[in-house]
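A.B. asks: Show me the folded form of this:
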Amino acid sequence: MRLDLLSAPEATQPWRDAAAYWRSMTDAVADVSGPIAAINVPALRFNALDMVVRSAGVPIRVASKSVRVREVVDATLDVPGYRGILAFTLPEALWLAEAHDDVVLGYPTVDRAAIARLAADEGAAARVTLMVDDLAQLDLVDAVVSPEKRLEIRVAIEADASWRAPGLGHIGVRRSPLHGPADVANLARAIAARPGFRLVGLMMYEAQIAGQGDATGSGDAVIRWVQRRSAHELLERRAAVVAALRDIAPLEFVNGGGTGSLELTASDQSVTEVTAGSGLLAGHLFDGYRAFDPAPAAAFALEVVRKPAADIATVLGGGWIASGPALASRQPKPVWPAGLTTLPREAAGEVQTPLQGEAARELRVGDRVWFRHAKSGELAERVDRYLLVDDGAVVGEVPTYRGEGKTFL
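C.D. replies: Have a look, this model is predicted:
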């Protein structure tokens, strides 16, 4: 089966009835052995189309790190409203550029071997854009292959979208050192004057809005206040940055946002495209947002192997912890049967995970428990394939990056 997200969406949303949804998923994989990762096709289709509605006509660039399944990326790009890929390493970008003509690398690279390949490949040089925020990154490219011996390299500047709040300090993630229009313009002028490079774009990722839920039940009022103030400040600053850049170089794109801020970023007149990826497979970190309610499209099932107590069922595996701070929110979340929790002293274990709750009393050795990963793309680093489930049956499978022999990061 070729993954198709263009078929007419289901009239119903079966995931709204959690019991029926997860029982259907369980029945679908009943004859498959071992740990299972699965994608529910109607749920993925709903998420892909929902993000198009949320972006209100502004093209969406697919964040590959939040998917890591080439066929899912390809199928999403077949949906009107999606255009281009935001890759996370240069070797990955070069691989994807074999089939796609617009791949922006979302992070600076110092991969000398990959830079040499890019500099010598006419097709890749026309399709791949590097991300920079420091002249040292251009120096490294020149050290690998001097300008007179290579193809012209496309580059985009990343500017900091965090909020430097009066009295509060830095709010957001630590990415680019470039914050204001003058900072960005100085680097842009240096790039424009430098042989062997062409400035084509700008990226500003407002993680403090896009990556922070505002309906988590913990400090939501404060988070919403910060996000409102940050959004207002960024609207003015990003417009000033873009205006400064357009006096220096013709920009092909101005990229912003993420799954959690599609509506806000798409409303910014200085932005020409938004980036999203986590909303497709919907890791459980994206449950706590007011603006949208994604379907749980990707999940994994582990098998019960022992019963140490009547109200405890132990599954094999489970320690698939998401990156970021070592908090409970980074653990996989048991979602079916409902009401199961990990033990405080063991949590999600490397080889076994005890789960406690009344639902465990009904579980038997060999039964399955469904989990959702905290982050959307990182589950793909643990498995070599996803089973595709539709209408209670496995209808195909797709390899992950790992399943294609690719481990980029």
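A.B. asks: neighbours of Gly198, just the number please.
C.D. replies: Heads up, residue 198 is Arg, not Gly. 16 (other C-beta atoms under 10 Å). Quick note: C-beta positions are derived from backbone N, CA and C, even for glycine.
A.B. asks: What does it show for phi and psi?
C.D. replies: The phi/psi pair for Arg198 (degrees, to the nearest 10) reads phi -130, psi 120.
A.B. asks: got the contact list for it?
C.D. replies: Going by C-beta atoms under 8 Å, 6 or more residues apart in numbering, Arg198 touches Glu152, Ile153, Arg154, Val155, Ala249.
A.B. asks: Just these: which are in helices?
C.D. replies: In helices, defined here by DSSP state H, there are no members of these.
A.B. asks: Rank these by pLDDT and give me only the lowest.
C.D. replies: Among the contacts of Arg198, Ala249 has the lowest pLDDT, at 95.
A.B. asks: isn't it right up against Ala188?
C.D. replies: Yes. Counting by C-beta atoms under 8 Å, Ala188 is a contact partner of Ala249 at 6.2 Å.
A.B. asks: what's the model's confidence in the helix or strand hosting Phe300, averaged?
C.D. replies: Per DSSP states H and E, Phe300 falls inside strand 298-309. The predicted model gives strand 298-309 an average pLDDT of 98.
A.B. asks: Which elements pack onto the longest helix seen in the chain?
C.D. replies: The single longest helix within the chain, with elements called by DSSP H, is helix 220-246. Here helix 220-246 touches strand 163-165, helix 181-192, strand 197-204, helix 207-210, strand 253-256, going by 3 or more C-beta pairs under 8 Å, 6 or more residues apart in numbering; DSSP states H and E.
A.B. asks: Among those, which comes closest to Ile39?
C.D. replies: Nearest of the helices and strands packed on helix 220-246 to Ile39, taken as C-beta to C-beta: helix 207-210 at 23.0 Å.
A.B. asks: Alpha carbons of that closest one, as PDB, please.
C.D. replies: C-alpha atoms of helix 207-210 as PDB (Å, rounded to 0.1, in the frame of the first residue of the first chain):
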ATOM      1  CA  ALA A 207       9.700  27.900  20.500                       C
ATOM      2  CA  GLN A 208       8.300  29.600  23.600                       C
ATOM      3  CA  ILE A 209       5.000  29.700  21.700                       C
ATOM      4  CA  ALA A 210       5.100  26.800  19.300                       C
END
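A.B. asks: Point out the other elements, helices or strands, that that helix touches.
C.D. replies: Helix 207-210 packs on helix 220-246, going by 3+ C-beta pairs under 8 Å, 6+ apart.
A.B. asks: same thing but 10 Å
C.D. replies: strand 163-165, strand 169-171, helix 220-246, helix 262-266, strand 273-276 (3 or more C-beta pairs under 10 Å, 6 or more residues apart in numbering; DSSP states H and E).
A.B. asks: What are the buried residues along that helix?
C.D. replies: Across helix 207-210, burial judged by 16 or more other C-beta atoms under 10 Å covers Ala207, Gln208, Ile209, Ala210.
A.B. asks: my guess is the third one meets Glu233, correct?
C.D. replies: In this case it means Ile209. No. In this structure Ile209 lies outside contact range of Glu233 using C-beta atoms under 10 Å: 11.1 Å.
A.B. asks: which neighbours do the two share?
C.D. replies: Here Ile209 and Glu233 have Ala161, Trp163 as joint contacts, going by C-beta atoms under 10 Å, 6 or more residues apart in numbering.
A.B. asks: Tell me the strands beside the strand holding Phe300, with direction?
C.D. replies: strand 36-40 (antiparallel), strand 312-316 (antiparallel), strand 368-372 (antiparallel) (DSSP bridges).
A.B. asks: what's the pLDDT at Arg228?
C.D. replies: Reported pLDDT for Arg228: 84.
A.B. asks: which residues touch Val128?
C.D. replies: 85, 87, 90, 93-94, 96-97, 100-105, 114, 117-118, 121, 153-154.
A.B. asks: Arg330: neighbour count?
C.D. replies: Arg330 - counted by other C-beta under 10 Å - has 18 other residues nearby.
A.B. asks: distance of His232 from Ala239?
C.D. replies: 12 Å (C-beta to C-beta, to the nearest Å).
A.B. asks: go on, Asp17?
C.D. replies: Counting by C-beta to C-beta, the gap from Asp17 to Ala239 is 45 Å.
A.B. asks: neighbour-wise, which of these two wins?
C.D. replies: Set Asp17 next to Ala239 and count neighbours by other C-beta under 10 Å: Ala239 wins out with 16 against 12.
A.B. asks: any chance of the helices and strands packed on helix 220-246 in TSV, plus distance to Thr353 and mean pLDDT?
C.D. replies: Shown next, in TSV, are the helices and strands packed on helix 220-246 (distance: least, C-beta to C-beta, whole Å; pLDDT from 0 to 100):
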stretch	distance to Thr353	mean pLDDT
strand 163-165	38	86
helix 181-192	47	97
strand 197-204	38	98
helix 207-210	30	87
strand 253-256	38	97
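A.B. asks: With respect to Ile36, which of these lies nearest?
C.D. replies: Across the helices and strands packed on helix 220-246, closest to Ile36 is helix 207-210 (C-beta to C-beta), at 30.4 Å.
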